[in-house]
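J.: Make a model of this:
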Amino acid sequence: MSPYIVCLSFDFDAVSSWIVKGRTTPTLMSRGEFGAVGAPRILDLLREYNIKSSWFIPGVTLYSYPEICEKIAAGGHEIGHHGWSHIPPASLSREEEREQLILGNEAIQKLTGQKARGYRSPSWDLSAHSVELLLEEGFQYDSSMMGNDYAPYPVRRGDRVHQDARVDFGPPTELIEMPISWSTDDFPHFEYVRNKNSVLPGLRSTSDVLENWLGDFDYLQQKLDWGILTYTYHPFCIGRGHRMLMLEKLIVKLMDRGARFLTMEEALTEYKQRESAE
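T.: Below you'll find the model as predicted:
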């Protein structure tokens, strides 16, 4: 059994990420709506290669696109928590953040029969209260931070950052971080976003990005004895035709290299088993 694990994860934001930014003009909304086109394409591809993946879905997407979300669950894919309305926790009060967690879990439980075990914060921006709230709500892992690349690690609680830049690190908790990175996320590489004061250029060549993403796995395989590499995709982004072809190439090449595809929850279980055996 290969010690090199790949987790394919999908943030099915659909229109929610545009709505919370107040960008609800028809064209911008249609960009999010394309997620409902991309998601079935992704599900077909995963079915073809018999891969189970992890989908982080805001509650409003579960509400707005129930048939697609039902197909995701029916395909045996993990459903993770991605907020209720895709509002970054760092911009919420403690009670507002708690309410978002509860509402999102209610929607997930209605679909799957159980609450989510994994959480990924909208925009990857946790608050000072997030870890405590996630523990209170019974989450087993978070996937919003970048303190490692191939190794999960216990999330700390209560870090204190002083004005002179000293840091007092808090104690580790039972919540496990399944780390991510913007470099293995499709959005910054491919999406073109124009704001009043800035432009995210995106629209990079898929061949260049494919080379980078394979390089991350090659390093894992060549330098480490075991590890988990998580890729993050958005159906409205990766679902475009030429990018779907690239995603299939990535899957085939990773399989040729001996990658083992697991859901993030399955990868977490293996991590815990390894830790308890040491």
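J.: drop to CA atoms for contacts and neighbour counts, all remaining ones
T.: Noted.
J.: remind me which residues of the stretch 1-150 of the chain are low pLDDT?
T.: Applying pLDDT under 70 to the stretch 1-150 of the chain flags no residue at all.
J.: Strands of that one, residue ranges please.
T.: For the stretch 1-150 of the chain, the strands defined by DSSP state E, counting those that start in this stretch cover 4-11, 54-57, 78-81, 118-119, 141-142.
J.: what's the next secondary structure element after the one helix or strand L245 maps to?
T.: Element membership for L245 (DSSP states H and E) is helix 241-256. The helix or strand immediately downstream of helix 241-256 is strand 260-261, counting by DSSP H and E.
J.: what's the offset of that next one from the middle of its chain?
T.: Relative to the mean C-alpha coordinate of its chain, strand 260-261 is positioned 17 Å out (CA atoms, centre = their mean, to the nearest Å).
J.: Then stretch 170-185?
T.: On CA atoms, centre = their mean, the centre of stretch 170-185 falls 11 Å from that of its chain.
J.: now the farthest one out in the chain, which residue is it?
T.: Distance to the chain centre peaks in the chain at D164, reaching 33.1 Å (criterion: CA atoms, centre = their mean).
J.: Determine whether the claim that that one is in a helix is correct.
T.: No. The assignment for D164 is coil, going by DSSP: H, G, I helix; E, B strand; the rest coil, so no helix is present there.
J.: if I read this right, D185 contacts C237, doesn't it?
T.: No. The pair D185 / C237 is not scored as a contact, 10.2 Å apart, by CA atoms under 8 Å.
J.: ok, back up a step: present the strands of the stretch 1-150 of the chain as TSV; the columns should include mean neighbour count and distance to R156.
T.: Below are the strands of the stretch 1-150 of the chain laid out as TSV (neighbours: other CA atoms under 10 Å; distance: least, CA to CA, whole Å):
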stretch	mean neighbour count	distance to R156
strand 4-11	23	23
strand 54-57	26	22
strand 78-81	27	20
strand 118-119	25	16
strand 141-142	27	12
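J.: May I see the ones you listed arranged in JSON lines, with distance to I251 as well?
T.: As requested, those are exported to JSON lines (distance: least, CA to CA, whole Å):
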{"stretch": "strand 4-11", "distance to I251": "9"}
{"stretch": "strand 54-57", "distance to I251": "15"}
{"stretch": "strand 78-81", "distance to I251": "18"}
{"stretch": "strand 118-119", "distance to I251": "23"}
{"stretch": "strand 141-142", "distance to I251": "24"}
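J.: Show me the one of the ones you listed that comes nearest L101.
T.: L101 sits nearest to strand 78-81 of all the strands of the stretch 1-150 of the chain, at 7.8 Å, using CA to CA.
J.: So which residues make contact with that closest one?
T.: 52-58, 73, 101, 104-105, 108, 112, 116-121, 263-265 (CA atoms under 8 Å, 6 or more residues apart in numbering).
J.: Sounds good, over and out.
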